[in-house]
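>>> Quick one, fold the following:
(one chain, ligands or ions: 1)
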Amino acid sequence: EKGGYKHFMLKEIFEQPRAVRDTITGRLLEEQGDVFLEDMKLADEELKSVDRVCIVACGTSWHSGLVGKFLIEEMCRIPTEVDIASEFRYRNPVITDKTLLVLISQSGETADTLAALREGKSRGAKNVAICNVVDSSIARESNGVIYTHAGPEIGVASTKAFVTQLVALYLFAIRFGQARGTIDIDRGRKMIADLVHSPSLVEDALKLDPQVEKVARTYMTARDFLYLGRGTSYPIALEGALKLKEISYIHAEGYPAGEMKHGPIALIDENMPVVVLVPKDRHYEKVVSNMEEVIARGGRVIAICTEGDEEVRAKAEVTLEIPPVPEDLLPLVLSVPLQLLAYHVAVLKGTDVDQPRNLAKSVTVE
Ligand code: F6R
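Here you go, the predicted model:
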């Protein structure tokens, strides 16, 4: 059942190229630079009338929502908020019939996310769910759904569901941008071409596995970890830290790299491994200087960077290098070494990777 892998989590990490492919298959209209989302049930007219998007989710799904905000604001030019469901539902949020609520849930059964959907619906919000489980409560109660095709996720720590949520958000942003006229055919075609290429980029990132295992051996005894990133790499830093906490029980925090000097830099000493997400993107120079600040205070930098980056190689204690990737797809690819790092640290520490203590696969009570 684990297909020869030692744990479901590892199997699910390695299934990601397939999961990504299944999530895009049958949905791309390559000629038109558009996508087809069979169950979304939002007509162009409705999409055009939206003036604000609220993404609501918990945990890992909330992290994919934070990436979604970048995609939607960039491609659709609509203000987008991302809320934790347990906060949203008790806050008297501003919702009108022009609000589009996007619920993200792997299981489709998370109590707070379901309650947020009901709350939004009762106030007249348009809504769509991104779910992995067909006919789950959230999928049934929402007006429309964009299914991720990750297949059943058994490991409690979410991996392939997360990556396919990113793909679903990407597809949604293309459709939404096309409906609103904020992206044109050429841009849509380029994005689709990138997506078609994405399973093989994820496949390439998986080749880092033996190297990641070595890094895990070096740093597994640390008491705390910091994860830093800017832009879409910031939510990926949060997700990397969550994975490590959940399965290895090591305290870890994700931070926007630019926030370092507003507090967390006080934590840096020679015992603190700092995972810095520093791919070649629009934030590169700034993140390199944040990395230098960490190094100057004795922090031990594990840099996730773009293949062949000599500058980062010369500065960091160790690098894990991903293939060059179009900027929009970076979150997909950067997630892979972080998942593997959490996995290997947990295995080396001997914790229960697939069933971490105190955690349930789906949180159906508040
Ligand atoms: C983390 C994890 C949880 C879930 C959260 C939401 O690895 O699995 O943080 O992401 O409980 O679950 P869903 O997506 O099923 O609503």
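>>> Run through the stretch 51-200 of the chain and note the low-pLDDT ranges.
Along the stretch 51-200 of the chain, the model assigns pLDDT under 70 to no residue.
>>> can you tell me the residue of it closest to the ligand?
With CB to the nearest ligand atom as the measure, residue 59 is the residue of the stretch 51-200 of the chain nearest to the ligand, at 2.0 Å. (Each C-beta comes from the backbone N, C-alpha and C, glycine too.)
>>> wait, isn't that residue in contact with residue 245?
No. Contact criterion CB atoms under 8 Å: residue 59 and residue 245 do not qualify, at 11.1 Å.
>>> More neighbours: which of those two?
residue 59 (22 against 18; other CB atoms under 10 Å).
>>> For my notes, confirm residue 334 occurs in a helix.
Yes. Applying DSSP: H, G, I helix; E, B strand; the rest coil, one finds residue 334 inside a helix.
>>> Nearest residue to it in space, please, no chain neighbours.
In space, and not counting its chain neighbours, residue 334 is closest to residue 236: 4.9 Å by CB to CB, 6 or more residues apart in numbering.
>>> Relative to residue 193, how far out is the one you found?
Distance, residue 236 to residue 193, by CB to CB, to the nearest Å: 23 Å.
>>> how about residue 14, what does it touch?
Listed by CB atoms under 8 Å, 6 or more residues apart in numbering, the contact set of residue 14 reads 5, 206.
>>> Look up how far the ligand lies from it.
17 Å (CB to the nearest ligand atom, to the nearest Å).
>>> now do residue 226
Distance from residue 226 to the ligand, counting by CB to the nearest ligand atom: 19 Å.
>>> so what's the nearest residue to that residue once chain neighbours are set aside bridging to?
Leaving aside its chain neighbours, residue 226 sits nearest to residue 274 (4.5 Å; criterion: CB to CB, 6+ apart). When bridges are called by DSSP bridges, residue 274 pairs up with residue 226, residue 301.
>>> shift numbering so it begins at 45
With 45 as the first residue, the last one maps to residue 318.
>>> tell me which parts of the stretch 95-244 of the chain are close to the ligand?
102, 103, 104, 105, 149, 150, 151, 154, 157, 201, 202 (CB under 6 Å from any ligand atom).
>>> Please identify the buried residues of the helix or strand harbouring the fourth one?
When elements are defined using DSSP states H and E, residue 105 is found to belong to helix 103-120. Burial within helix 103-120, assessed by neighbour count using 16 or more other CB atoms under 10 Å, is assigned to 103-116, 118-120.
>>> Residue 183 and residue 172 touch, don't they?
No. Using CB under 8 Å as the test, residue 183 is too far from residue 172 to be in contact (10.3 Å).
>>> Can you name the residues in contact with stretch 285-299?
53, 103-104, 107, 200-201, 203, 264, 266-273, 278-279, 281-284, 308, 382-383, 385-387, 389-390, 393, 395, 397, 400-401, 403.
>>> just checking, which of these belong to helices?
Mapping these onto helices (DSSP state H) picks out 53, 103-104, 107, 278-279, 281-284, 382-383, 385-387, 389-390, 393.
>>> Now which of the residues you listed would you call buried?
Buried residues within the ones in helices among the contacts of stretch 285-299, defined by neighbour count using 16+ other CB under 10 Å: 53, 103-104, 107, 278-279, 281-284, 382-383, 385-387, 389-390.
>>> can you map out the helices along this structure?
With DSSP H as the criterion, the chain has helices at 52-58, 60-68, 88-93, 103-120, 129-132, 155-166, 181-185, 204-224, 229-250, 253-263, 277-292, 328-340, 354-359, 374-393.
>>> quick one on the thing from earlier: list the residues that contact the residue nearest to residue 378.
Counting by CB under 8 Å, 6+ apart, residue 280 makes contact with 107, 111, 273, 321, 374, 375, 378, 379, 382.
>>> Same check on residue 214?
115, 235, 239, 372.
>>> Relative to residue 86, which of the contacts of residue 280 is nearest.
Top of the list for closeness to residue 86, among the contacts of residue 280 and by CB to CB, is residue 111 at 20.4 Å.
>>> Contacts only, for the closest one.
210, 213, 276, 279, 280, 375.
>>> go on, residue 319?
By CB under 8 Å, 6+ apart, the neighbours of residue 319 are 269, 270, 271, 272, 281, 284, 346, 347, 348, 382, 385.
>>> confidence score at the fifth one?
Taken from the predicted model, the pLDDT recorded for residue 281 is 98.
>>> Also the second one?
According to the predicted model, the pLDDT of residue 270 comes to 97.
>>> To what extent is it buried, counted in neighbours?
When neighbours are counted by other CB under 10 Å, residue 270 registers 25.
>>> That one reaches residue 309, doesn't it?
No. Residue 270 lies out of contact with residue 309 (CB under 8 Å); the separation is 9.5 Å.
>>> one step back: overlap in contacts, residue 183 and residue 172.
residue 189.
>>> quick one: residue 100 and residue 192, what's the gap?
Plainly put, residue 100 is 17 Å away from residue 192 if you go by CB to CB.
>>> now swap in residue 408 and tell me
19 Å.
>>> Neighbour count: these two, which is higher?
More neighbours surround residue 192 than the other of residue 408 and residue 192, with 29 against 13 (other CB under 10 Å).
>>> now that one, nearest residue through space, not along the chain?
Per CB to CB, 6+ apart, closest to residue 192 is residue 208, 3.7 Å.
>>> Also residue 213?
According to CB to CB, 6+ apart, the nearest residue to residue 213 is residue 112 (3.9 Å).
>>> Verify the stated contact: that neighbour with residue 101.
No. Counting by CB under 8 Å, residue 112 does not reach residue 101; the two are 9.2 Å apart.
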